[in-house]
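**Student:** What follows is a predicted protein model with its sequence.
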Amino acid sequence: MEIDFKKIESKWQKKWESKRIFEVKKSSKPKFYILEMFPYPSASGLHMGHAFNYVIGDIYARFKRMKGLNVLYPMGYDSLGLPAENAAIKVGIHPKKYTEHSINNFIKQQKSIGLSYDWSRRVKTSNPNYYKWDQWIFLKMYEKGLAYRKKAPVNWCPKCNTVLANEQVHDGKCEYHENTDVEIKQLEQWFFRITDYAEELDRDIDTLVKWPERARIMQKNWIGKSSGTEILFEINGKKWPIFTTRPDTIFGVTFMVISAQHPNLGDIVTEHQKIEVEKFLRKIKSTSEKDLEDLEKEGVFTGTYAKNPINGEEIPIWVGNFVVVDYGSGMVMAVPAHDFRDFDFAKKYNINIREVIKGGNIKEKAYVEEGSLINSGKFNKIKSEKAREEITKYLIKKKLGKKVIQYKLRDWLISRQRYWGTPIPIIYCNKCGIVPVPEKNLPIKLPDNVEFGKGNPLKTNLEFVNVKCPRCKGNAKRETDTMDTFVNSSWYFLRYCDPKNNKKIFDSKKVKYWMPIDQYIGGKEHTCMHLIYFRFYTKFLRDLGLLDLNEPTLNLFNQGMLKGINGEKMSKSKGNVILPEEVSKKYGIDAARFFLVSNSSPDKDFDWSEEGISGSSKFINKIMNYFDKVKIGKADARIESKINKAILGVEEDISDFRYNLAVIKLRELFEFLPLTTSKKVLENFLKLLHPFCPHITEELWQKIGNKTFLSLSKWPKADKKKIKELFEKQDLAINKLISDINQVLKLVKNKKNIYVYILPGDKAIYDVNLINKRFERKINLFLVNDKNKYDPSNISKKARLGRPAIYLE
Ligand SMILES: [Zn+2]
Ligand SMILES: [Zn+2]
């Protein structure tokens, strides 16, 4: 009989919702806060790849709930941001409407997957009651000097008409407009001084021992702490501080490179070189840090020289495309003999290469290791490490240098010239200058009535722009920049702890109970932005006295990616998107959930497969049929042993996110379920399967006579005394024997009789009744020392302990 999965699914989804069984409050139970990174809701909705994320979290949440923990498992929507605005413009719908529609669609889809969220805590960042607190945090940062405004070179997309973060620039093109070159503009922008926390952000990575190692290394590199020496080079009579980690190579400096985006570049370029430099600047593209490595290094001479403080040498200054403007002073000293990048550059432009550390062959490539100094005046023969100290000491004495710690991390540019973001709560007054909006006037709401397609839409609403100055009551103008959307996602996890608070950002007591996040789940692509920013915000709010923790989460899990059948990333344009609705219609959502975690460990990438989902579907159907037939009676010792062993194994596998191994154990266990067994055995089987297949297990739980929710039942406790190793050995050995016989039967056709010979030591393991019960064909079993055995070809000689001999005729 065809099973109506749809009916079962919606029945239980409705019951869970109407009884509010996943809503949580503070209780005496130990808490467990599990969270998936919240999605940005797009109109195209969720595909199976997104569903995979949430299923990973839901399995964990359901398991922890059954283990007796007070599980906070919320969901929300990162609903402000450029993509919503771009999409809205493209299809001509107001971003607010577009977002509302997308969110409702997401919720519907997520509910249909059976995710056990506490929906009462739902948060959406486009709600003024949410972004009010973004603004409040901004004001606090401003108060503490952590929010500031400065002129800065920025990546500008002429199509988006806005500034882009470095990370939104790929290969010189806009993330949203692949054909559009990103330009460099100098603009007044708002920044958060995240660099004030660079040292702590770097140091505390060491406490994140349960983060994937890869994520920890990436954050270390992103923050990029290095200690070195700042050396003052003289340029046009002015002193320029130049940072280096290798002061021991200072005698080998043969050129300097200034960033192409440097605001003072104009002062460096001589009249004579002006045209050359301008030509070069037009040619180069904006690049993000991660592209720098692969970039073809290019440059042009500025016409100016710097004076090397150690020996007075005149060194030519070049402008280059590979120096980041905010790193050090935006200029570096180049030592081609001892740096690969400088070496390539010097070769390309025929610049002098001077060896100052002995050890390599600098005709072929740069020598970057340690060694003794040469060509270095009075520092000759000193080893590099010591020379770094000596030269630094010498420069400090002469007031030409100092020791410094440098970070690659730069202040966070948060200004966006776009509409669909949190308005920055600042007013500009001709008399008073920059005036922060008083807290009592928050939130500064986004006006609905704006015009799109003419630069920053907020500028088109004059009622929004023109305000009275809060200080002098004179005419003033509002800031029309909005905040980077990463601001919204930097603290949302705290709001879930107290989502409806109108008076405060959150109640510290509630946050204290739920935080930190016990398990955070999300994609690898967030390692360097969101996951740095949310650590920064946590530390800042701690310093305001609102939190008593240093890190938002100690446990991070990066899920793998579900790809299309063709092994490619799912995307509409490739036509390989799998939708949960369609899968669900065909197989039921539990089969889909089961398949998603069957294939491989959930941190690995894998491909969607029709074979795979249909295999899972068959298994689910078998379970349904079994529960139609099974009779409740007594459990035998064998199944007791099996189920207790499975309880231990499945529990361990789920705890370690090895869902695929848990699935194998569940399949095996099911094969052994007898047609008559105890209610307890059936219940325990359903409990183990529940986190994976919540709907059918609730249904079967009810079918065998329970009136409670399986979702709220207790995870079974294994009775280790009931686990009998003999049974386990027998099952393993017999399965192996049966598969061996099947192998032989495949090779030699038309054989009727099967003879198996075992050593006396294997007698307890190979129980002939058990074998005949499991195997569709009858076998004849003999001990090798049985005088009456039938063994025409003397095959029994070949039997070994644990390896019976097989003869067919
Ligand atoms: Zn663009
Ligand atoms: Zn004023």
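**Tutor:** Thanks, I have the structure now. Ligands and ions are numbered 1, 2, ... in the order given.

**Student:** And the residue of the stretch 201-350 of the chain closest to ligand 2?
**Tutor:** Pro263 (29.4 Å; CB to the ion). All C-beta atoms are positioned from the backbone trio N, CA, C, and that covers glycine.

**Student:** Does that residue lie in a helix or a strand, and which?
**Tutor:** In this assignment (DSSP states H and E), Pro263 forms part of neither any helix nor any strand.

**Student:** okay, now it: neighbour count?
**Tutor:** When neighbours are counted by other CB atoms under 10 Å, Pro263 registers 13.

**Student:** Then the one 5 residues further on?
**Tutor:** Around Ile268 sit 22 other residues, with neighbours defined as other CB under 10 Å.

**Student:** Show me the shaky parts of the stretch 451-600 of the chain.
**Tutor:** Low-confidence regions of the stretch 451-600 of the chain, defined here as pLDDT under 70, do not occur.

**Student:** next one: the helix or strand where Asp628 lies to chain centre, how far?
**Tutor:** Counting by DSSP H and E, the element that carries Asp628 is helix 610-629. Distance of helix 610-629 from its chain centroid, counting by CA atoms, centre = their mean, to the nearest Å, is 33 Å.

**Student:** circling back: how close does the residue of the stretch 201-350 of the chain closest to ligand 2 get to ligand 1?
**Tutor:** Using CB to the ion, to the nearest Å, one obtains 24 Å as the distance from Pro263 to ligand 1.

**Student:** Hmm, that residue is touching Pro153, no?
**Tutor:** Yes. Judged on CB atoms under 8 Å, Pro263 makes contact with Pro153 at a distance of 6.6 Å.

**Student:** Would you mind listing the residues touching both of these two?
**Tutor:** Common contacts of Pro263 and Pro153 (CB atoms under 8 Å, 6 or more residues apart in numbering): 186, 325.

**Student:** got the buried residues for stretch 503-512?
**Tutor:** The neighbour-count check on stretch 503-512 (16 or more other CB atoms under 10 Å) flags 505-506, 508, 510-511 as buried.

**Student:** Now do that stretch: distance from first to last residue.
**Tutor:** 18 Å (CA to CA, to the nearest Å).

**Student:** Please name the nearest non-neighbouring residue to Ile765.
**Tutor:** When the adjacent residues along the chain are set aside, Ile765 lies closest to Ala733, with 4.9 Å between them (CB to CB, 6 or more residues apart in numbering).

**Student:** so who does that neighbour touch?
**Tutor:** So Ala733 contacts 762, 765-766, 802 (CB under 8 Å, 6+ apart).

**Student:** how about a cut-off of 7 Å?
**Tutor:** For Ala733, the contact set (CB atoms under 7 Å, 6 or more residues apart in numbering) comprises 765-766, 802.

**Student:** just Pro83 next, same as before
**Tutor:** By CB under 7 Å, 6+ apart, the contact list for Pro83 reads 40, 42.

**Student:** Let's verify Ser598: helix, strand, or coil?
**Tutor:** At Ser598 the chain is in coil, as set by DSSP: H, G, I helix; E, B strand; the rest coil.

**Student:** So what's the residue count around it?
**Tutor:** Neighbours of Ser598 using other CB under 10 Å come to 21.

**Student:** is it true that it touches Ile664?
**Tutor:** No. The criterion here is CB atoms under 7 Å, and Ser598 misses it with Ile664 at 8.4 Å.

**Student:** hmm, back to that, so which of the contacts of Ala733 would you say is closest to Lys569?
**Tutor:** Gly802 (46.7 Å; CB to CB).

**Student:** Check the gap between the closest one and ligand 1 for me.
**Tutor:** Gly802 is 67 Å from ligand 1, by CB to the ion.

**Student:** Tyr117 too?
**Tutor:** Distance from Tyr117 to ligand 1, by CB to the ion: 34 Å.

**Student:** Which residue, other than its chain neighbours, is closest to that residue?
**Tutor:** The spatial neighbour of Tyr117 that comes closest, neighbours along the chain excluded (CB to CB, 6+ apart), is Met75 at 4.4 Å.

**Student:** residues in contact with that neighbour?
**Tutor:** 38, 110, 117, 122.

**Student:** Let's see that with 8 Å instead.
**Tutor:** 36, 38, 110, 115, 117, 119, 122.

**Student:** do Pro499 as well
**Tutor:** Counted by CB under 8 Å, 6+ apart, Pro499 has contacts 74, 120-123.

**Student:** my guess is Ile734 contacts Asn772, does it?
**Tutor:** No. If you go by CB under 8 Å, Ile734 and Asn772 don't touch, sitting 10.3 Å apart.
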